[in-house]
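**Q** everything below, folded, please.
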Amino acid sequence: MAVTGWLESLRAAEKTALLQDVRKWRVKGALGALGQWQIEVGEPALHGAGSLGPELIKESNANPIFMRKDTKMSFQWRIRNLPYPKDVYSVCVDQKERCVVVRTTNKKYYKKFSIPDLDRYQLPLDGSLLSFAHANCTLIISYQKPKEVLLAEAELQKELKKVKTAHSGDGDCKTQ
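**A** As a prediction, this is how the structure comes out:
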């Protein structure tokens with residue numbers, strides 16, 4: 001089953017840091033160099049104000065901001081800066097493309113996104129597990145986690161407890 005393959009790849013992966021509420025991947029490019037971080041869960045870190053580069057040109061802070069924040073029992077996505085009332089939004093599952101589709105009846109916002117965890121475990125999408133709410137200009141979309149994912153996450157937590165942290169050494173400072 002795909003769950004064991006996923007857990008085995010996590011056991012074999014190099015773990016550089018354990019951050020709460022963030023899951024990000026760094027894959028190698030075509031030439032073998034490490035590429036940009038791809039954030040799956042959590043908010044991207046803000047760049048420093050003094051750095052040069054693409055950070056000088058910045059998008060409007062009124063644009064919708066899409067991010068994923070999971071809870072124990074559900075996958076959750078938040079789309080900030082959407083000022084329309086709840087009855088304007090339509091959130092549904094597209095079985096053919098294996099994704100969730102968010103659209104407004106006034107055609108001002110449209111977004112398709114997949115659920116990588118379900119793809120990883122090769123589980124089907126179920127529209128009855130999908131719900132959404134709207135508060136404070138934020139659309140909150142929730143998808144209840146299937147039993148298989150909950151069991152796999154419990155096993156993953158057991159595996160992460162085995163990882164030695166930087167502070168789990170002997171405690172003596174050997175700098176002098």
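
**Q** okay, helices next: where are they in this protein?
**A** 2-12, 116-120, 147-162 (DSSP state H).

**Q** make TSV out of the ones you listed and add distance to Gln36, mean neighbour count and mean pLDDT.
**A** Using the backbone N, CA and C atoms, a C-beta is placed for each residue, glycine as well. Formatted as TSV, the helices of the chain follow (distance: least, Cβ to Cβ, whole Å; neighbours: other Cβ atoms under 10 Å; pLDDT from 0 to 100):
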stretch	distance to Gln36	mean neighbour count	mean pLDDT
helix 2-12	21	12	67
helix 116-120	17	17	90
helix 147-162	25	12	86
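
**Q** how about TSV for those helices, with distance to Gln95 added?
**A** As requested, the helices of the chain are arranged in TSV below (distance: least, Cβ to Cβ, whole Å):
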stretch	distance to Gln95
helix 2-12	19
helix 116-120	12
helix 147-162	18
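
**Q** these: which one's closest to Val22?
**A** helix 147-162 (13.4 Å; Cβ to Cβ).

**Q** show me what the closest one is packed against.
**A** helix 2-12 (3 or more Cβ pairs under 8 Å, 6 or more residues apart in numbering; DSSP states H and E).

**Q** flag the shaky bits of this structure, pLDDT-wise.
**A** Residue ranges of the chain with pLDDT under 70: 1-4, 6-7, 10-11, 13-21, 23-25, 40-56, 164-176.

**Q** at 90 instead, please
**A** 1-62, 117, 120-121, 152-153, 155-176 (pLDDT under 90).

**Q** which parts of it are strands?
**A** Under the criterion DSSP state E, the chain contains strands at 23-28, 34-41, 65-68, 74-80, 89-94, 99-104, 110-113, 130-135, 138-144.

**Q** picking up where we left off before, of the helices of the chain, which is nearest Tyr109?
**A** When those are compared by Cβ to Cβ, helix 116-120 sits nearest Tyr109, at 22.1 Å.

**Q** ok, Arg26 - how many residues close by?
**A** Neighbours of Arg26 under the rule other Cβ atoms under 10 Å: 10.

**Q** beta partners of it?
**A** Taking DSSP bridges, one finds Trp37 as the beta-bridge partners of Arg26.

**Q** now it: how far from Phe75?
**A** For Arg26, the distance to Phe75 (Cβ to Cβ, to the nearest Å) stands at 22 Å.
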